[in-house]
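Trainee: mind folding the following:
(6 chains)
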There are 4 protein chains.
Amino acid sequence: MSADPGVPARTTRGERTAARLRAAARAVFADRGYAAARVEDVVAEAGVSHGTFYTYFENKAGALDALIDETAGQLQAVVDEPWEGTDVLTTIAAVIDRFVDVFSQHGDVVRTWLEASAHDQHFRDRLREVRTGYVERVAQNLGPALDSTPHDPQVAAAALVAMVEGYATQGMTSDDEEQRASVVRTLASIWFGGLLRLMDPSTS
Amino acid sequence: MSADPGVPARTTRGERTAARLRAAARAVFADRGYAAARVEDVVAEAGVSHGTFYTYFENKAGALDALIDETAGQLQAVVDEPWEGTDVLTTIAAVIDRFVDVFSQHGDVVRTWLEASAHDQHFRDRLREVRTGYVERVAQNLGPALDSTPHDPQVAAAALVAMVEGYATQGMTSDDEEQRASVVRTLASIWFGGLLRLMDPSTS
Amino acid sequence: MSADPGVPARTTRGERTAARLRAAARAVFADRGYAAARVEDVVAEAGVSHGTFYTYFENKAGALDALIDETAGQLQAVVDEPWEGTDVLTTIAAVIDRFVDVFSQHGDVVRTWLEASAHDQHFRDRLREVRTGYVERVAQNLGPALDSTPHDPQVAAAALVAMVEGYATQGMTSDDEEQRASVVRTLASIWFGGLLRLMDPSTS
Amino acid sequence: MSADPGVPARTTRGERTAARLRAAARAVFADRGYAAARVEDVVAEAGVSHGTFYTYFENKAGALDALIDETAGQLQAVVDEPWEGTDVLTTIAAVIDRFVDVFSQHGDVVRTWLEASAHDQHFRDRLREVRTGYVERVAQNLGPALDSTPHDPQVAAAALVAMVEGYATQGMTSDDEEQRASVVRTLASIWFGGLLRLMDPSTS
DNA sequence: CATGAATGAGCTTTCATTCAT
DNA sequence: AATGAATGAAAGCTCATTCAT
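Mentor: Coordinates of the predicted model:
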């Protein structure tokens, strides 16, 4: 801020423009949906010209790809961080908490991504890849406990993840910190209880 | 406009054409997605002319609306039928089974609906309305058991429904009867175990 | 009315349908204009089916042609009837009165006709033909008086006719009998005074 | 929508294109009529692409609106300029001369305008507004002379204006300067004589 | 005579993308 | 780096007209 004036800005003009465009694309996609969003809307929001958009992205899909790059990493990180906690419930709550956290920051991108997947093979592929990644990781952590049961860890993991993803993408997580914590607790309890039940041989 | 799309088909010939168009629209939307689907694709699939499409639907959205009319009723029926069974687990399994059943028949329409919701307020409204309807009904059936716990029945119901909806919407493409039954069993166990856990005061 | 029941109706079913269609076409053309009027509107107004329209008219233009047939005769009759009166002013007033009378009954058709003329050669031709017809007749009646003046009887006739036609087609003639008579008096005075002036050599 | 058709042409290149489009629209409307004119005809005439048309006009009606903007001002100016002359006849002749002059330049737009009025409320409204404007002005200038007569200045003004407008709109295609002057003289004489006659109490 | 479902040419309009400046 | 005028391929949608019933 008050740093050496002789040093060039840490963010060049180009970088700032690119950042403005990404933010604008994100806002416009969230607001109108990917299909209905026009490049015109994005550049208007960013306050740049039409041509500039194409200096930074190959096309409209390229802008979404850039947003997905950021988001995908965050999502994978949620499940890649060590599953540590004093007990299983606490561990699960921590994972879900991180998940909800990422969604509260990147839910708009995920929703756009889901929409685009419906009519664009490329985004469908990226989605499957990322989903497979974190469902796989969840299954790895749940798996051992289900070894001797008839339940497929992949199915269980996919179901539990779908629950969190569905809950979060439907925009049901509020900004109220209190309420968010309560939701996380409920979701974690369902995961935990569901897992215990799965492990109970009488249900097989 | 030339014919009122709300009151089509005064003859059986007309009804046959309308049915062909609905089936075609459904297939095309499922195949290419709503945004990418062209009216031309639909009429080609249905084997009728361009103009005929507009005899039966006001526009592309009208065709999806017609499909949603059918699907929404089925979805609500799943939870409106009596929740009866020899025990809770069986009851829940029956509901989930009906849910999965409806999705295996109407999943394509739901996926289209979800996509369209992203950029069309009208479909977003219809989705919210229908979802609220069946989540409400699930909450009514789960509610009493959670009365003395800190868990909100609406949140629990929404989460459990999101799990089934998410799972069914994403994968669930297998026609293998065996595997489907296994998935239903796993999902039901998670619901049941999750609910037991929610009812356990030690989790509050 | 109470005539011999053995005798077939003086208006056959077909004639009645044709009359209903003409009336409907006239009303719809007047209401929406020729270009914006749809055959659909006409048949709806007439209470018949699409196909029936084409039993009675070759196409949309044919319907207007049928209306023009009636109107053109009336217009020509206005100037073809003997120009008789106690004096010139009375004579002119009588002609203008007949003119205004025909317009109050057929003005809607004329307006449609004028509109269609703008983009359809056929109606332009019919209009020129009819206009030439009655301007010619007016010129014949005014002509002798202007023989020794520099004024072209055709120009004078066209101008005076344009005045009445313009005034009438602009929908300025009210239904109030009192007011209509007053307008006719004013128009007749202008014709008369205008002609006197034209005959005055000092204006040449 | 991509550009605000109300604020086009930020550059001279843009202004040239807009002017070419206006000229092309005017020519095409005059040639084929408003209803039959296609945007494709206009852009072909202007030598630009389809999309460019929509950069400058909201739609076909917008193009006509732009032409009317120019024309309406000219028409009003005809009667707003001071009614000065050595005598009444000269004054009237000057006004009519200006009127005929404007029509020889803008008659094509007026004819298109009249046609469009028949099926488009917007143009009907604009026409009524402009006509009321200049008829009012004419009435103001004629009015005093008719004060003590039973003739309504509005009616007289409307009739005289209708005469010039009708004559100019219909024929008046001659480029012959000689003939144009002769027509103006005849029209002026009719106005003048008509007015004198109106002022003569014996006609009331 | 009458019907109305079906046709399809034709027109308007949109918007991602390019490129001369 | 940035601009914005221009492009043109695509759709969407309309409606006069036909024809099997």
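Trainee: how far away from the center of its chain is the helix or strand harbouring A:T132?
Mentor: Element membership of A:T132, judged by DSSP states H and E, is helix A:121-146. Offset of helix A:121-146 from its chain centre (CA atoms, centre = their mean, to the nearest Å): 13 Å.
Trainee: buried residues of that helix, list them for me.
Mentor: For helix A:121-146, burial by neighbour count (16 or more other CB atoms under 10 Å in any protein chain shown) applies to A:123-124, A:126-127, A:130-131, A:134-135, A:137-139, A:141-142, A:145-146. Backbone N, C-alpha and C define where each C-beta goes, glycine included.
Trainee: by contact count, what packs against that helix?
Mentor: Packing partners of helix A:121-146 (3 or more CB pairs under 8 Å, 6 or more residues apart in numbering or on different chains; DSSP states H and E): helix A:60-80, helix A:88-117, helix A:153-169, helix A:177-199.
Trainee: quick check: closest non-adjacent residue to the single nearest residue of chain A relative to chain C.
Mentor: Nearest residue of chain A to chain C: A:A36, at 30.5 Å (CB to the nearest CB). Leaving aside its sequence neighbours, A:A36 sits nearest to B:H119 (CB to CB, 6 or more residues apart in numbering or on different chains; 3.7 Å).
Trainee: list phi and psi for the one you found.
Mentor: phi -130, psi 10 (degrees, to the nearest 10).
Trainee: ok, the residue of chain A closest to chain C touching B:S117?
Mentor: No: under the criterion of CB atoms under 8 Å, A:A36 is not in contact with B:S117, lying 11.5 Å apart.
Trainee: just want to know which of these two has more residues nearby.
Mentor: More crowded of A:A36 and B:S117, by other CB atoms under 10 Å in any protein chain shown: B:S117, with 20 against 15.
Trainee: surely the more buried one and B:E129 touch.
Mentor: No: counting by CB under 8 Å, B:S117 stays clear of B:E129, with 11.5 Å between them.
Trainee: give me the neighbour count for A:V28.
Mentor: Here the number of neighbours of A:V28 (other CB under 10 Å) works out to 24.
Trainee: what pLDDT does it get?
Mentor: Model confidence at A:V28, given as pLDDT, is 97.
Trainee: ok, now A:A9?
Mentor: Looking at A:A9, its pLDDT stands at 48.
Trainee: quick one: secondary structure of A:A27?
Mentor: Secondary structure state of A:A27, per DSSP: H, G, I helix; E, B strand; the rest coil, is helix.
Trainee: how about the nearest residue to it, chain neighbours excluded?
Mentor: Counting by CB to CB, 6+ apart, A:E45 is the residue found nearest to A:A27 once chain neighbours are left out, at 6.1 Å.
Trainee: buried residues in the host helix or strand of the one you found, which are they?
Mentor: Per DSSP H and E: A:E45 is located in helix A:39-46. Buried residues in helix A:39-46, defined by neighbour count with 16+ other CB under 10 Å: A:V39, A:D41, A:V42, A:V43, A:E45, A:A46.
Trainee: same deal with stretch A:82-94?
Mentor: With burial defined by 16+ other CB under 10 Å, the residues of stretch A:82-94 counted as buried are A:W83, A:V88, A:L89, A:T91, A:I92, A:A93, A:A94.
Trainee: farthest-separated two in those residues?
Mentor: A:W83 and A:L89 (12.1 Å; CB to CB).
Trainee: got the domain ranges for chain A?
Mentor: Domain ranges of chain A: A:1-57, A:60-203, per automatic domain parsing.
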